[in-house]
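>>> My questions concern the predicted model and sequence given below.
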Amino acid sequence: MKKVSNIAVLTSGGDAPGMNAAVRAVVRTGIYHQLNVYGVMYGYRGMLKNEIFPLESKSVANIIQRGGTILKTARCKEFYEAEGRAQAYENLKKHNIDGIVVIGGDGSFNGAYKMSKEFDIPCIGLPGTIDKDIAGTDFTIGFDTAVNTAVDAIDKIRDTADAHDRLFVIEVMGRDAGYIALHSGISTGAEHIMTPEHLIDVQDIIEDLQTNERRRKLVNIIVVAEGSIAGGAEEVARMVKTSCPQLDTRVTILGHIQRGGSPTCQDRILASRMGYAAVEALLNGTSNVMVGIVNNKIQYTPLEQAIKAKEHLDPEWLKMVKILAS
Ligand SMILES: Nc1ncnc2c1ncn2[C@@H]1O[C@H](COP(=O)(O)OP(=O)(O)O)[C@@H](O)[C@H]1O
Ligand SMILES: O=P(O)(O)OC[C@H]1O[C@](O)(COP(=O)(O)O)[C@@H](O)[C@@H]1O
Ligand SMILES: [Mg+2]
C-alpha cells in the first residue's frame, strides 16, 4: 500500500450548499494526519490550468456556514478527452499529489474514475449535488438545503394562491431527477407532482382539476421538475390554461435560488462526516470509491458502481401524493 502524503480537493459540476463544509472537513482531517492538502480551483478546469494551491487550517475558517464553494466550480470540456486528463495529471505531479477528493455529481465521478484508471492515482468521490440522483447514498450534500429552500418558497406561494383562489404551476430544479420535486411537493401538500422519472399525463391532471372544481378545491399547486417528461412549468401551464380557462393560473420558476444559501444542519453534518471519511479512506489505502451515507452509517461504493447505478423514485410515494391531496 502506497502511503499518501499530498492530497488535493476540488469541487466540480453544479455547486451545492455544504460543499464548503466538505472542503473544510477534508482540509482539517488531512492536516490532522500531517498530510499536505492542496485546493484545486474551478474543478477539472483548474487542474488543467494548474490552479492548485496549498491550503492551511485557517484557509477554511469561517466557511462551514457558507453556500457556494470557496474553491469555485466549473464544467470542463477538455476533461472528457484523454489528452485533457493527461495534462491535468501532469499538473498534479508537479505538486506530488498522490490522492484526490472530488466533491461533485455523477459527471465529476465519471471524470475521476477515468483519471484514476489512466494514471493509477487514488480518487475519492463525495456526492455534492442538490439533485440527490446518486446511487450508494441516502443523501447528497446540498439536497436538504435545496429542498428546504423550495419548501419555504412553495409555502409562500400557497399563501398568495389561497388569497386569490389560484392555481400555481411551480418549477423546481432537476434536469434528470425528481427528488426535489417529490420531497418539496409532498411536504407542501402539492396536488400534483411531475418528475423526469415518471410520465404523468397532463390530461389526467386536467381531469382532476375539473373534478376538484366541482368539489370546490379552490387552490391547486402543481410542482414540476424542470426535466419532467411532460415539459417544464411553462409548458404544463399552457396545456392547463387551454383546457381550463376558468382557472386563474400562474407560473413560478424557482431556479438557482435552490442552489444557494447557508447549508442546513443536516447538510453541514453530512458534509463533515463525508469529508472526514474521504481522508480516512485515502489513508487506509482505499481508492476509487464514493463516500455515501446509508442508514446513517458511512458506506463506500466503487466509483464505477456509483456512476452506473441510478436511484429510482419509489412509485408508492407518487401514489401517496394523490391520496394525501385528495
Ligand atoms: N464522461 C466523462 N468523462 C470525463 N469527464 C467527465 C465526464 N462527465 C463529466 N466529466 C467532467 O466532470 C465535469 C462535471 O460534470 P457535470 O455532469 O457537469 O456535473 P456533475 O458532476 O454535477 O454531475 C464535466 O464538466 C467534465 O469536466
Ligand atoms: O448550473 P446550470 O448549468 O444552470 O445547471 C442546472 C442544473 O444543475 C443542477 O442544479 C444540479 O445538477 P448537477 O449537480 O448534476 O450539476 C440541476 O438540478 C440543474 O438542472
Ligand atoms: Mg450530474
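Alright, I've got the coordinates. Numbering: from 1, shown residues only. Ligands and ions are numbered 1, 2, ... in the order given.
>>> Please count neighbours and contacts with C-alpha atoms only from this point.
Will do.
>>> do you know how far Gly142 is from ligand 3?
The gap separating Gly142 from ligand 3 is 13 Å, by Cα to the ion, to the nearest Å.
>>> So that residue is in contact with Asp267, correct?
Yes. Using Cα atoms under 8 Å, Gly142 is in contact with Asp267, at 6.0 Å.
>>> Report pLDDT for Val4.
Per-residue pLDDT puts Val4 at 95.
>>> tell me the secondary structure for it?
coil (DSSP: H, G, I helix; E, B strand; the rest coil).
>>> what do you get for Val224?
Put simply, Val224 is strand when judged by three-state DSSP.
>>> ok, back up a step: of Gly142 and Asp267, which one has the most company?
Gly142 (32 against 27; other Cα atoms under 10 Å).
>>> contacting residues for that one?
Shown in contact with Gly142 (Cα atoms under 8 Å, 6 or more residues apart in numbering): 16-19, 128-130, 259, 263, 267.
>>> could you redo the last one with a cut-off of 6 Å?
By Cα atoms under 6 Å, 6 or more residues apart in numbering, the residues touching Gly142 are 16-18, 129-130, 267.
>>> what does Glu51 give?
40-41 are the contacts of Glu51 under Cα under 6 Å, 6+ apart.
>>> at 10 Å what do you get?
39-45, 91 (Cα atoms under 10 Å, 6 or more residues apart in numbering).
>>> so which of these comes closest to ligand 1?
Tyr44 (5.6 Å; Cα to the nearest ligand atom).
>>> What about the closest residue to Asn295 other than its chain neighbours, how many residues nearby?
Once flanking residues are discounted, Asn295 sits nearest to Asp138: 7.3 Å by Cα to Cα, 6 or more residues apart in numbering. The number of residues packed near Asp138 is 15, by other Cα under 10 Å.
>>> ok so, going back, common neighbours of Gly142 and Asp267, please.
16-19, 128.
>>> returning to that earlier point: on the three-state scheme, the residue nearest to Asn295 is what?
Reduced to three states with three-state DSSP, the structure at Asp138 is coil.
>>> export the shared contacts of Gly142 and Asp267 to a markdown table and tack on secondary structure and distance to ligand 1?
A markdown table is the format used below for the shared contacts of Gly142 and Asp267 (DSSP: H, G, I helix; E, B strand; the rest coil; distance: Cα to the nearest ligand atom, whole Å):
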| residue | secondary structure | distance to ligand 1 |
| --- | --- | --- |
| Ala16 | coil | 9 |
| Pro17 | coil | 13 |
| Gly18 | coil | 14 |
| Met19 | helix | 12 |
| Gly128 | strand | 7 |
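>>> Format those residues as JSON lines; extra columns: pLDDT and distance to Gly292.
As requested, the shared contacts of Gly142 and Asp267 are exported to JSON lines (pLDDT from 0 to 100; distance: Cα to Cα, whole Å):
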{"residue": "Ala16", "pLDDT": "98", "distance to Gly292": "16"}
{"residue": "Pro17", "pLDDT": "98", "distance to Gly292": "17"}
{"residue": "Gly18", "pLDDT": "98", "distance to Gly292": "15"}
{"residue": "Met19", "pLDDT": "98", "distance to Gly292": "15"}
{"residue": "Gly128", "pLDDT": "98", "distance to Gly292": "11"}
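>>> any idea how far ligand 3 is from Thr11?
13 Å.
>>> was I right about that residue contacting Phe109?
No. Thr11 is beyond contact range of Phe109, at 11.0 Å (criterion: Cα atoms under 10 Å).
>>> Which of these two has more residues huddled nearby?
Neighbours were counted for Thr11 and for Phe109 using other Cα under 10 Å; Thr11 has more, 32 against 27.
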